[in-house]
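next comes the sequence, and after it the predicted model I'd like to discuss.
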Amino acid sequence: MKRFLAMTAIIVLSCPFQTGAAGPPGGFFDRGAELYKSGRNSDAVDAFDQAIKHKERVQDAQEYIDRIRKETVERIRNKALTGVNKANWQSKYYFMNEIDRRIHVGISIQEVFERDSLNFRPGAIDALNQLAVAFAKAETAQFEIELINETNMDSAAKPTLSAQQLNTVFSYLSLAARDVLPKF
């Protein structure tokens, strides 16, 4: 499994407010907050920078800038991990994309398994059962299952455990899709 490290920088190409000019109605900080709420993060950073330059709620403006940078890095990291933004996953446990009768499924190790084990976390069985139902309905499609490790790049990978987790997920999905799980 490849892990990616994403880094980003917010680049200011143009500033909508002149440093010496009067600020927008309500102030630069309020304008930045409005822009942030509307999803215009780059413009919001510009407004918060101006708020800092004009000594307008400096600490709050810097906190917004830091939040925007953190959210941007997280969005890029999630997309680099899976090719799909995690906010668009079908559940916190997995995502599923279908292209030309090939179905790519990404399953989060951290959400499905308890830490460093083969034990399922609460809710993981329900999520895997949802996947099994989709597999059973699309019986002629090709499935590609990928376990996604969302841990920090500094933590060492455990190849044996990862292989066992993949085998556990594959076995469970295979049995559940054919409706042959043991009944207790």
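Sure thing, it's come through. Numbers count the residues shown, from 1 in each chain.

quick check: next helix or strand after the lengthiest helix in the chain?
The longest helix of the chain (DSSP state H) is helix 58-82. From helix 58-82 onward toward the C-terminus, using DSSP states H and E, the following helix or strand is strand 94-99.

what residues does that next one touch?
For strand 94-99, contacts defined as Cβ atoms under 8 Å, 6 or more residues apart in numbering pick out 82, 84, 86, 88-90, 103-108, 127, 131, 134, 138, 141. The way it works is simple: take the backbone N, C-alpha and C, and place the C-beta from them, glycine included.

then the helix or strand following it to PDB, C-alphas only?
Of the helices and strands lying after strand 94-99 in sequence (DSSP H and E), the nearest is strand 102-108. Listed next in PDB are the C-alpha coordinates belonging to strand 102-108 (Å, rounded to 0.1, in the frame of the first residue of the first chain):
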ATOM      1  CA  ARG A 102     -15.000  -2.800 -12.500                       C
ATOM      2  CA  ILE A 103     -15.700  -1.900  -8.900                       C
ATOM      3  CA  HIS A 104     -13.000  -0.300  -6.800                       C
ATOM      4  CA  VAL A 105     -13.500  -0.500  -3.000                       C
ATOM      5  CA  GLY A 106     -11.300   1.200  -0.500                       C
ATOM      6  CA  ILE A 107     -11.700   0.100   3.100                       C
ATOM      7  CA  SER A 108     -10.200   2.100   6.000                       C
END
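
before we move on, back to that, how much does the longest helix of the chain deviate in direction from strand 94-99?
Here helix 58-82 runs at an angle of 60 degrees relative to strand 94-99 (axes from the mean of the first three to the mean of the last three Cα atoms, to 10 degrees).

pLDDT averaged over helix 58-82 - what is it?
Mean per-residue pLDDT for helix 58-82: 80.

find the nearest non-adjacent residue to Leu175, please.
Closest residue in space to Leu175, ignoring its immediate chain neighbours: Leu181 at 4.9 Å, by Cβ to Cβ, 6 or more residues apart in numbering.

and that neighbour, that's in a helix?
No - membership of Leu181 in a helix is not supported by DSSP: H, G, I helix; E, B strand; the rest coil, which gives coil.

could you chop this protein up by domain?
The chain breaks down by automatic domain parsing into domains covering 1-83, 89-177.

mean pLDDT lowest for which of those domains?
domain 1-83 (a mean of 74).

surely Pro25 is within a helix?
No - secondary structure of Pro25 (three-state DSSP): coil, not part of a helix.

what's the burial count for it?
Using other Cβ atoms under 10 Å, Pro25 has 7 other residues around it.

next, it: phi, psi?
phi -60, psi 130 (degrees, to the nearest 10).

check which helix or strand Ile145 maps to.
In the assignment (DSSP H and E), Ile145 maps to strand 142-148.

can you state the direction angle for that strand and strand 102-108?
20 degrees.

helices or strands up against the helix or strand following strand 142-148?
Next helix or strand after strand 142-148 toward the C-terminus (DSSP H and E): helix 159-177. With contacts taken as 3 or more Cβ pairs under 8 Å, 6 or more residues apart in numbering; DSSP states H and E, helix 159-177 sits against helix 109-112, helix 124-137, strand 142-148.
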